[in-house]
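Undergrad: model this:
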Amino acid sequence: MRHYSSQECLAYIERKLSAENEREYEDHLYECDVCLELYTACLVPLEHDSTTTYPIPSDPNEAFTEQIMARINSEKQRIMPSTPLRKPALYRKPVFQYALAAAITLILMTTGVFHGITGGAGQTPQTSRQTVEASFTEQLMDKTVAMLDSIQLKANLIEKGGEKHE
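TA: Sure thing, here's the model as predicted:
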């Protein structure tokens with residue numbers, strides 16, 4: 001296997017080789033580690049030298065790229081007309097909507113609509129005679145106490161009656 005010299009590496013870096021020789025050199029770099037090390041060694045001093053400029057390779061597809069960009073721009077113009085976009089309407093802005101809601105609320109409050117809706121819910125209720133049913137437990141307790149009282153009363157009567165007979 002033939003190894004390339006440092007002059008040939010520099011020629012490749014500076015793009016002075018023909019397209020065919022460049023392809024051969026690149027293929028050789030993929031296969032040969034010695035030449036790859038030589039290539040990277042040639043690149044190191046050039047990285048620190050900011051005065052050296054290298055020509056940008058001409059892109060064979062540059063015309064294709066330009067055609068694509070022209071098509072994109074024409075489609076963009078077709079989709080988005082060049083007329084400036086209108087500002088959104090005032091009634092679609094949140095600030096306007098909040099201000100309108102506050103104004104309507106104030107109007108309704110001053111006319112007394114809310115007072116009519118609530119029907120005087122804020123007033124204290126008048127005390128009226130309403131029969132409030134006691135709960136089941138309270139009723140049961142009352143009946144139990146009444147029954148115990150009646151038993152106690154009968155026991156007391158029997159006891160008093162028994163003393164009289166003696």
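
Undergrad: all helices of the protein, in order?
TA: With DSSP state H, the ranges of helices along the chain come out as 6-13, 19-31, 33-48, 62-79, 94-111, 113-118, 136-164.

Undergrad: run through the protein and note the low-pLDDT ranges.
TA: Applying pLDDT under 70 to the chain picks out residues 46-60, 81-85, 119-134, 162-166.

Undergrad: so which residue is dead centre in it?
TA: Central residue check for the chain by Cα atoms, centre = their mean: the C-alpha nearest the mean position is that of residue 94, 20.0 Å away.

Undergrad: from residue 88, how far off is it?
TA: Look at residue 94 and residue 88: by Cβ to Cβ, to the nearest Å, they are 11 Å apart. Heads up, the C-betas are built off the backbone N, CA and C, glycines and all.

Undergrad: same check on residue 45?
TA: Taking Cβ to Cβ as the measure, residue 45 and residue 88 are separated by 60 Å.

Undergrad: cool, and residue 105?
TA: Relative to residue 88, and taking Cβ to Cβ, residue 105 is found at 25 Å.

Undergrad: show me which of those two is the more surrounded one.
TA: residue 105 (11 against 8; other Cβ atoms under 10 Å).

Undergrad: what about residue 9, neighbour count?
TA: When neighbours are counted by other Cβ under 10 Å, residue 9 registers 19.

Undergrad: name the nearest residue to it, sequence neighbours excluded.
TA: Nearest in space to residue 9, with sequence neighbours left out and distances taken as Cβ to Cβ, 6 or more residues apart in numbering, is residue 42 at 4.3 Å.
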